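next one to model:
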Amino acid sequence: MTAALAARHEGANVALVEREERLGGDCTYYGCVPSKSLIDTAHAVVEARRLARDGILDVAPGLAFHAVRERQHEVVQEIGHDERDERFTSLGIALFRGAAAFLGAHELQVGDPSLHADRFVIATGSEPALPPLKGLDAVPYLTNRTVFDLAEMPQRLLVLGGGSIGLELAQAFQRLGSRVTVVELLDSLLPNDEPEAGRLVEQALGAEGVELLLGRRRARAGLCPRRPALPDERRPRLRRRRRHRRAPVHARRGA
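Sure thing, here's the model as predicted:
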């Protein structure tokens with residue numbers, strides 16, 4: 001959308017192709033906007049609890065999760081309103097809906113129409129990538145496309161993956177009241193970043209009560225009446241545990 005607006009501002013004839021029903025994509029509806037709203041609310045909850053501990057507030061406030069969800073949706077709708085179709089068509093940008101396929105270096109097919117252009121900007125966004133985890137298809141799981149529509153606060157939440165997106169959601173839900181466990185295949189958090197960053201985040205999340213299970217290369221999914229179970233540890237301790245420690249890495253390629 002940004003590229004389309006900028007090109008149109010410079011006087012180019014622009015066509016915008018989108019296969020989803022609404023413009024905005026991951027950032028507006030499934031990523032940046034709802035996640036930052038959730039993080040902001042969780043931070044406010046933590047601060048209110050701290051003020052109660054310090055005696056500034058008489059009691060720690062309770063949490064109404066439905067209100068958290070409503071605020072999050074209001075923020076998304078506010079941003080989404082600025083990305084409605086009319087904003088682009090009113091500027092002379094042609095909008096096409098449907099799946100696209102290149103027919104040549106300068107020709108793109110969207111359904112029946114065939115579009116010709118000197119240049120194309122490919123900004124297709126992303127979709128959830130499910131890990132090849134045995135048993136995952138037999139359990140109800142969440143992705144970034146469904147987690148922000150939860151109607152109730154989950155009592156327990158298991159996050160697969162120790163990257164930045166998984167960790168920010170883990171911290172937010174822990175702060176809001178869930179008991180969160182993070183399972184990571186490798187031996188450290190934030191494996192695509194500097195090792196020191198992973199260690200600092202590990203300490204911070206551990207201090208907030210997030211359970212970290214690292215180096216779990218044999219994990220599988222399954223239903224359990226009490227809590228998610230791992231094949232090598234049916235009752236994990238509520239503390240971080242490693243099988244072995246890997247030698248420190250001094251430099252890594254960026255994500």
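
so which residues of the stretch 101-250 of the chain form strands?
107-110, 114-116, 156-160, 179-184, 211-214 (DSSP state E, counting those that start in this stretch).

okay if I get these as CSV plus distance to V33 and mean pLDDT?
For the C-beta atoms, the positions are set from N, CA and C on the backbone; glycine is no exception. CSV is the format used below for the strands of the stretch 101-250 of the chain (distance: least, C-beta to C-beta, whole Å; pLDDT from 0 to 100):
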stretch, distance to V33, mean pLDDT
strand 107-110, 27, 94
strand 114-116, 29, 93
strand 156-160, 20, 93
strand 179-184, 22, 94
strand 211-214, 27, 95
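
the helix or strand of the chain with the lowest mean pLDDT: which residues count as buried?
The weakest-scoring helix or strand in the chain, judged by mean pLDDT, DSSP states H and E, is helix 25-29 (a mean of 88). For helix 25-29, the neighbour count (16 or more other C-beta atoms under 10 Å) marks 25-26, 28-29 as buried.

can you check stretch 169-183 too?
169-176, 178-183.

one more: stretch 14-30?
14-18, 23-26, 28-30.

let's have the residues you listed in JSON lines, adding distance to F102.
Formatted as JSON lines, the buried residues of stretch 14-30 follow (distance: C-beta to C-beta, whole Å):
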{"residue": "V14", "distance to F102": "18"}
{"residue": "A15", "distance to F102": "14"}
{"residue": "L16", "distance to F102": "16"}
{"residue": "V17", "distance to F102": "11"}
{"residue": "E18", "distance to F102": "16"}
{"residue": "L23", "distance to F102": "22"}
{"residue": "G24", "distance to F102": "24"}
{"residue": "G25", "distance to F102": "20"}
{"residue": "D26", "distance to F102": "22"}
{"residue": "T28", "distance to F102": "26"}
{"residue": "Y29", "distance to F102": "26"}
{"residue": "Y30", "distance to F102": "26"}
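
take the strands of the stretch 101-250 of the chain and lay them out in JSON lines including distance to G55.
Listed next are the strands of the stretch 101-250 of the chain as JSON lines, based on distance: least, C-beta to C-beta, whole Å:
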{"stretch": "strand 107-110", "distance to G55": "62"}
{"stretch": "strand 114-116", "distance to G55": "65"}
{"stretch": "strand 156-160", "distance to G55": "31"}
{"stretch": "strand 179-184", "distance to G55": "27"}
{"stretch": "strand 211-214", "distance to G55": "30"}
